[in-house]
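J.: Sequence first, predicted coordinates after that:
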Amino acid sequence: MAREIKKVFIAGAGTMGCSMGQAFAKCGYETVLYDIFPEALAKAEKLIAINQKTEVLAGNITEEAAAELIGRIRFTGELEDFREADFVVEAVLEKMEVKHDFWSKVSALVAPDVLLTSNTSGLSITKIAEAVVNPERFAGMHWINPPHIIPLIEVIRGEKTSEETARAVYDLCLALGKEPVLVKDAPGFALNRIQAAILRECLYIVDQGIASVEDCDKVMKYALGLRYACLGPMEVVDHGGLDIHYNIASYLYQDLCDAKEPFGLLKEHRDNGNLGVKTGAGFYDYSDGKDKDAIVYRDTMYNKVSKAVFNKK
């Protein structure tokens, strides 16, 4: 049996790690953010404060509750502190050797009844588990950016993940007020496979001159995005009629992109070092303070949509 969870350790104090920390702290868990870089911990502390101001402005939390939330988060650069953990989420660099190095050390430090999870967005849970002591207690726990707002969490079962572990992680997600899904360990899991397919077709549409970057985004935001916030793709087809969608598929699938390597504007911008908000440019311009404005706009809109969709319950 897994132990009662009171103290949660999150490894990696980047954007995902500090946002996950807020989700745990909001639900009353004592939360510890770990990072080997002191500057990352300092940046995380500032980002958490900014995020909580946004949450207060959105009416999601009071100033008093936000202060209490921040007070439940501690920062450390000491690996030995993991001995205190009741639950571990790893969000370190997305390289297998880095994750293996981390887990070979931490899984030997924590007690044998502590559940261990990785926030990897696509690396094999089964392969990561090769470095884990007692891998049956290890699973994927893929949060979606920004984790303190987006409800979905993918719970991924590796080949050695026990059913008890998967269920315990799933139930923890529910306790956090999230919407978990159980996924088999496959490249990209579920969300990133769907997201990659959409992005690939949008890149192809732009590359073929069918529509612009801006217009592809409008198609998603003002049509498909509204649909998919309320109904999944299969539900949409049920409402539209399987016969109609079958007929469309019969002539359209052959014309869709099936590229096997990154291409088009994605490759071009990446090769030029234009990586998006974090570098000040990507598909769009984020220079001269536009980066902070873009983040505030994103979080404000995500909050509005989340309230509209998930208050239906």
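T.: Received the coordinates, thanks.
J.: Show me the strands in the stretch 101-250 of the chain, by range?
T.: For the stretch 101-250 of the chain, the strands defined by DSSP state E, counting those that start in this stretch occupy 115-118, 138-143, 152-157, 179-184.
J.: Dump those strands into TSV; add distance to residue 24 and mean pLDDT as well.
T.: (Glycine included, C-beta is placed from N, CA and C.) As requested, the strands of the stretch 101-250 of the chain are exported to TSV (distance: least, C-beta to C-beta, whole Å; pLDDT from 0 to 100):
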stretch	distance to residue 24	mean pLDDT
strand 115-118	12	98
strand 138-143	11	98
strand 152-157	12	97
strand 179-184	15	96
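J.: okay if I get these as TSV plus distance to residue 93 and mean neighbour count?
T.: Putting those into TSV (distance: least, C-beta to C-beta, whole Å; neighbours: other C-beta atoms under 10 Å) gives the following:
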stretch	distance to residue 93	mean neighbour count
strand 115-118	12	25
strand 138-143	16	26
strand 152-157	19	22
strand 179-184	22	15
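J.: To residue 209, which of the ones you listed lies closest?
T.: The closest of the strands of the stretch 101-250 of the chain to residue 209 is strand 152-157. By C-beta to C-beta, the value is 34.1 Å.
J.: tell me the contacts of the nearest residue to residue 158 once chain neighbours are set aside?
T.: For residue 158, ignoring the flanking residues on the chain, the nearest one in space by C-beta to C-beta, 6 or more residues apart in numbering is residue 125 at 3.6 Å. By C-beta atoms under 8 Å, 6 or more residues apart in numbering, residue 125 lies in contact with 118, 138, 139, 140, 156, 157, 158, 161, 185.
J.: For residue 125, give me the pLDDT.
T.: The confidence metric pLDDT takes the value 98 at residue 125.
J.: how far away is it from residue 144?
T.: Residue 125 sits 17 Å away from residue 144 when distances are taken as C-beta to C-beta, to the nearest Å.
J.: now residue 255
T.: On the measure of C-beta to C-beta, residue 255 and residue 144 end up 30 Å apart.
J.: Between the two, which is the more surrounded one?
T.: residue 144 (19 against 8; other C-beta atoms under 10 Å).
J.: Just give me the neighbour total for the closest residue to the more buried one other than its chain neighbours.
T.: In this structure, residue 144 finds its nearest non-sequential neighbour in residue 150, 4.1 Å apart by C-beta to C-beta, 6+ apart. Residue 150: 17 surrounding residues under other C-beta under 10 Å.
J.: Surely residue 150 is in contact with residue 305?
T.: No. Contact criterion C-beta atoms under 8 Å: residue 150 and residue 305 do not qualify, at 10.0 Å.
J.: Below-threshold pLDDT in the stretch 201-313 of the chain: ranges please.
T.: Scanning the stretch 201-313 of the chain for pLDDT under 70 picks out 311-313.
J.: if you set the cut-off to 80 instead, what comes out?
T.: Applying pLDDT under 80 to the stretch 201-313 of the chain flags the ranges 310-313.
J.: Tell me which stretches of it form helices.
T.: Secondary structure of the stretch 201-313 of the chain (DSSP state H, counting those that start in this stretch): helices at 213-219, 225-230, 233-240, 242-252, 264-271, 290-310.
J.: Tell me which of the ones you listed lies nearest to residue 23.
T.: Of all the helices of the stretch 201-313 of the chain, it is helix 290-310 that lies closest to residue 23, at 12.8 Å by C-beta to C-beta.
J.: mind checking how far that closest one is from the chain centre?
T.: 15 Å (C-alpha atoms, centre = their mean, to the nearest Å).
J.: and that helix, what other elements does it pack with?
T.: helix 38-57, helix 225-230 (3 or more C-beta pairs under 8 Å, 6 or more residues apart in numbering; DSSP states H and E).
J.: Turn these into TSV, including distance to residue 109.
T.: Shown next, in TSV, are the helices and strands packed on helix 290-310 (distance: least, C-beta to C-beta, whole Å):
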stretch	distance to residue 109
helix 38-57	19
helix 225-230	42
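J.: what's the most buried one of those helices?
T.: helix 38-57 (a mean of 16; mean count of other C-beta atoms under 10 Å).
J.: before we move on, the earlier item: how much space between the residue nearest to residue 144 and residue 111?
T.: 31 Å.
J.: what does residue 191 give?
T.: Going from residue 191 to residue 111 by C-beta to C-beta gives 31 Å.
J.: Of the two, give the one with the bigger neighbour count.
T.: Between residue 191 and residue 111, residue 191 has the larger neighbour count (other C-beta under 10 Å), namely 17 against 10.
J.: contacting residues around that one?
T.: Each residue near residue 191 by C-beta under 8 Å, 6+ apart is listed here: 142, 144, 152, 154.
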